[in-house]
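*Asks:* When you get a sec, could you give me coordinates for this:
(chains A, B, C and D)
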2 protein chains.
Amino acid sequence: MIQKYKNEEKVLVAVDCIIFGFDQQDEELKILLIKRNFAPEKGKWSLMGGFLHADETLKDAATRILHSLTGLHNVYLEQLKAYSEIDRDPVERTISVTYYALINIEAHDVELIKKNSARWFKMSNCPKLIFDHNEMVNDAIERLRYRASTQPIGFELLPVKFTMRQLQKLYEEIMDEKLDKRNFTKKINSFNILEKLKEKNKKSSKKGSFLYKFNQQKYQQKIKNGFGFKI
Amino acid sequence: MIQKYKNEEKVLVAVDCIIFGFDQQDEELKILLIKRNFAPEKGKWSLMGGFLHADETLKDAATRILHSLTGLHNVYLEQLKAYSEIDRDPVERTISVTYYALINIEAHDVELIKKNSARWFKMSNCPKLIFDHNEMVNDAIERLRYRASTQPIGFELLPVKFTMRQLQKLYEEIMDEKLDKRNFTKKINSFNILEKLKEKNKKSSKKGSFLYKFNQQKYQQKIKNGFGFKI
DNA sequence: AAATTAAATGTACTTAATACATTTATTAAA
DNA sequence: TTTAATAAATGTATTAAGTACATTTAATTT
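*Replies:* Below you'll find the predicted structure:
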């Protein structure tokens, strides 16, 4: 039998989730925050988080935490970074590993969110958060931008059928810059990951705009092989 | 007084370092590995690592570990990722956070390395490592490639004065592809981060090749603002 | 004087990025 | 039924960046 490691100090490990959603009503990128209901910083806004259990990986923990807030399974999750400043949590020494999640904002469980006193906030209007959570959010949006410029983003954040305008607005929100419609369309089409449907969405204009959906296979291919998105 | 978190499980947190160096003799990218001198897996090759202490951040720990092996201070370090599979360390549940380091291979303390039974290995000839360390190395080289394509690399890995050939070989090693000499020179010059010196390095040819050094200020500027390196 | 070595150098071609304005389909109101 | 309103759909010319490619040059050694 191998001896255990001796005299080594164990620490608390937390997992915090930066949950992104794209609100199709007002075409804005949002994050889901909870109102902390215990001391310290009770009543302040915070990322959804929890402690790592002995029998789960970090991703397991992130999945569990996300499910407990949104009711969602099979969510896109990517590990971001470990935060370890000694006093980042004033209660006790805790390091935190962050994950960011991309979810379809229409699909989550509204009741659960209420129960957890959670709310969607515009990214551009993110409140002051507890501890180092604002830094986490900033790091997450930076990573999301990187991902959106190297792999397709959208399937996780949009409904199954969507318009070219919605996709463009999503990219504009992520990149935080206006894009040219014609160049955007040209670029997206060149990736050959969309299927144009015969249906139109008539909500936005008299003319209506055609709906698209992702070609799953080609989309997954692009995720694997990547692309250079620059416009 | 705020209560401590109760009933939460603490875990061991390790830090493992992927230490890159560029060997100017044989113009190869190498990593520094140690021969593990305790069970389990005694005698096997491993990344240099250690446990996180209560009074230090993860980066502090990485710095300490790196210093204990190389004698170097002020080394370039970047956090990579946390690894948390339950049985990744068979002794006891341990999560590990990796950092990669870029060092000038000529500058380290050779005695210390010997004492730690460490050795430089060609990246392309990395041996089988313990636990999930090979995965860590693969993730590290991927990140290094990303960094080399968005920010200048070189200052950390090359001597103060170097030839254009050395810089090109370094990039070729990192990217694992041959580059065209004229296009490489053109590109690097367009970044305007080098100063051409009057001196020549006569070792490599009869004609000799001019030495360059980085313009510190412009180099740091590029690190902040980034560039697109693609050849 | 000739041979050797790697360094230094430029151009034409192809591809990708950018800037930019008009017409069209449909519905609702006059 | 005509007109007004709305956002959608669409193409081209220009500029910038990436790629492919071969010869001459400086210095040293034989």
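
*Asks:* alpha carbons only for contacts and neighbour counts from here, please
*Replies:* Noted.

*Asks:* Where does A:K198 sit: helix, strand or coil?
*Replies:* What DSSP: H, G, I helix; E, B strand; the rest coil gives for A:K198 is strand.

*Asks:* What is the burial count for A:Y99?
*Replies:* Neighbour count for A:Y99, taken as other Cα atoms under 10 Å in any protein chain shown: 26.

*Asks:* who's it bridged to?
*Replies:* When assigned by DSSP bridges, A:Y99 has beta-bridge partners A:C17, A:Q79.

*Asks:* show me the residues around it that make contact.
*Replies:* A:V15, A:D16, A:C17, A:I18, A:K59, A:A62, A:L77, A:E78, A:Q79, A:L80, A:K81 (Cα atoms under 8 Å, 6 or more residues apart in numbering or on different chains).

*Asks:* Which strand or helix spans the residue nearest to the second one when sequence neighbours are not counted?
*Replies:* So the one you mean is A:D16. In this structure, A:D16 finds its nearest non-sequential neighbour in A:G49, 4.1 Å apart by Cα to Cα, 6 or more residues apart in numbering or on different chains. Using DSSP states H and E, the element containing A:G49 is strand A:48-51.

*Asks:* Please point out which parts of stretch A:125-136 sit buried.
*Replies:* A:C126, A:L129, A:I130, A:D132, A:H133, A:N134, A:M136 (16 or more other Cα atoms under 10 Å in any protein chain shown).

*Asks:* Just the CA coordinates for that stretch, please, in CSV.
*Replies:* Below are the C-alpha coordinates for stretch A:125-136, written out as CSV (Å, rounded to 0.1, in the frame of the first residue of the first chain):
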residue,chain,number,x,y,z
ASN,A,125,-24.4,46.6,-17.6
CYS,A,126,-22.9,44.0,-15.3
PRO,A,127,-23.3,45.1,-11.6
LYS,A,128,-20.5,45.1,-9.1
LEU,A,129,-20.0,41.5,-7.9
ILE,A,130,-18.6,40.0,-4.8
PHE,A,131,-15.0,38.9,-4.4
ASP,A,132,-13.1,38.7,-7.7
HIS,A,133,-16.1,37.8,-9.7
ASN,A,134,-16.0,40.9,-11.9
GLU,A,135,-12.5,39.9,-12.9
MET,A,136,-13.8,36.4,-13.7
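
*Asks:* Is chain B within reach of that stretch?
*Replies:* No. Stretch A:125-136 stays clear of chain B (Cα under 8 Å from any Cα of the partner chain), getting no nearer than 14.1 Å.

*Asks:* ok, and what's touching stretch A:104-121?
*Replies:* For stretch A:104-121, the external contacting residues (Cα under 8 Å, 6+ apart) are A:21-23, A:30-35, A:68-72, A:156-159.

*Asks:* again, but for stretch A:69-89
*Replies:* A:48, A:59, A:62-63, A:66-67, A:93-103, A:107-110, A:112-113, A:116, A:131-132, A:139-140, A:143, A:156, B:54-58, B:79-82, B:97.

*Asks:* What's the local residue count around the nearest residue to A:W45 once chain neighbours are set aside?
*Replies:* Of all residues not flanking A:W45 in the chain, A:K35 sits nearest, at 4.7 Å (Cα to Cα, 6+ apart). Residues contacting A:K35 under the criterion other Cα under 10 Å number 18.

*Asks:* From A:G49, how far off is A:K35?
*Replies:* 12 Å (Cα to Cα, to the nearest Å).

*Asks:* for A:Q151, same thing?
*Replies:* Distance, A:Q151 to A:G49, using Cα to Cα: 27 Å.

*Asks:* higher neighbour count, these two?
*Replies:* Per other Cα under 10 Å, whichever of A:Q151 and A:G49 has more neighbours is A:G49, with 22 against 19.

*Asks:* any idea which element A:L29 lies in?
*Replies:* Per DSSP H and E: strand A:28-35 holds A:L29.

*Asks:* Neighbouring strands of that strand in the sheet, and parallel or not?
*Replies:* Its sheet considered, strand A:28-35 pairs with strand A:10-23 (antiparallel), strand A:45-46 (antiparallel), strand A:118-122 (antiparallel) by DSSP bridges.

*Asks:* just so I have it, where are all the helices in chain A?
*Replies:* Applying DSSP state H to chain A gives helices spanning A:58-70, A:110-115, A:133-150, A:164-175, A:181-191, A:216-225.

*Asks:* In CSV: those, plus mean pLDDT.
*Replies:* Formatted as CSV, those follow (pLDDT from 0 to 100):
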stretch, mean pLDDT
helix A:58-70, 97
helix A:110-115, 93
helix A:133-150, 96
helix A:164-175, 97
helix A:181-191, 96
helix A:216-225, 94
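
*Asks:* Ok, which of those comes nearest DNA strand C?
*Replies:* The minimum distance between DNA strand C and the helices of chain A falls on helix A:181-191, with 4.8 Å, by Cα to the nearest atom of the strand.

*Asks:* Only C-alpha atoms, please: export that closest one in PDB.
*Replies:* Provided in PDB are the C-alpha atoms of helix A:181-191 (Å, rounded to 0.1, in the frame of the first residue of the first chain):
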ATOM      1  CA  LYS A 181     -24.200  43.200 -43.100                       C
ATOM      2  CA  ARG A 182     -23.000  42.300 -46.600                       C
ATOM      3  CA  ASN A 183     -19.500  41.300 -45.500                       C
ATOM      4  CA  PHE A 184     -20.900  39.300 -42.600                       C
ATOM      5  CA  THR A 185     -23.200  37.400 -44.800                       C
ATOM      6  CA  LYS A 186     -20.400  36.700 -47.300                       C
ATOM      7  CA  LYS A 187     -18.100  35.500 -44.600                       C
ATOM      8  CA  ILE A 188     -20.600  33.300 -42.800                       C
ATOM      9  CA  ASN A 189     -21.700  31.700 -46.100                       C
ATOM     10  CA  SER A 190     -18.100  31.000 -47.000                       C
ATOM     11  CA  PHE A 191     -17.900  28.800 -43.900                       C
END
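
*Asks:* just checking, what packs against it?
*Replies:* Packing partners of helix A:181-191 (3 or more Cα pairs under 8 Å, 6 or more residues apart in numbering or on different chains; DSSP states H and E): helix A:164-175.

*Asks:* Now do the helix it packs on: which elements does it pack against?
*Replies:* The helices and strands touching helix A:164-175, judged by 3+ Cα pairs under 8 Å, 6+ apart, are strand A:28-35, helix A:133-150, helix A:181-191, strand A:209-214.

*Asks:* For chain A, list the residues in contact with DNA strand D, please.
*Replies:* A:163-165, A:181-183, A:185, A:204-210 (Cα under 7 Å from any atom of the strand).

*Asks:* Just the buried residues of these.
*Replies:* Buried, going by 16+ other Cα under 10 Å: A:T163, A:M164, A:R165, A:S209, A:F210, out of the residues of chain A next to DNA strand D.

*Asks:* quick one: contacts of stretch A:159-175?
*Replies:* Applying Cα under 8 Å, 6+ apart, the contact partners of stretch A:159-175 are A:22, A:24, A:27-29, A:104, A:141, A:144-145, A:148, A:154, A:158, A:178-179, A:181, A:184-185, A:201, A:209-214.

*Asks:* and that stretch, how far out from the chain's middle?
*Replies:* Chain-centre distance of stretch A:159-175: 15 Å, with Cα atoms, centre = their mean, to the nearest Å.
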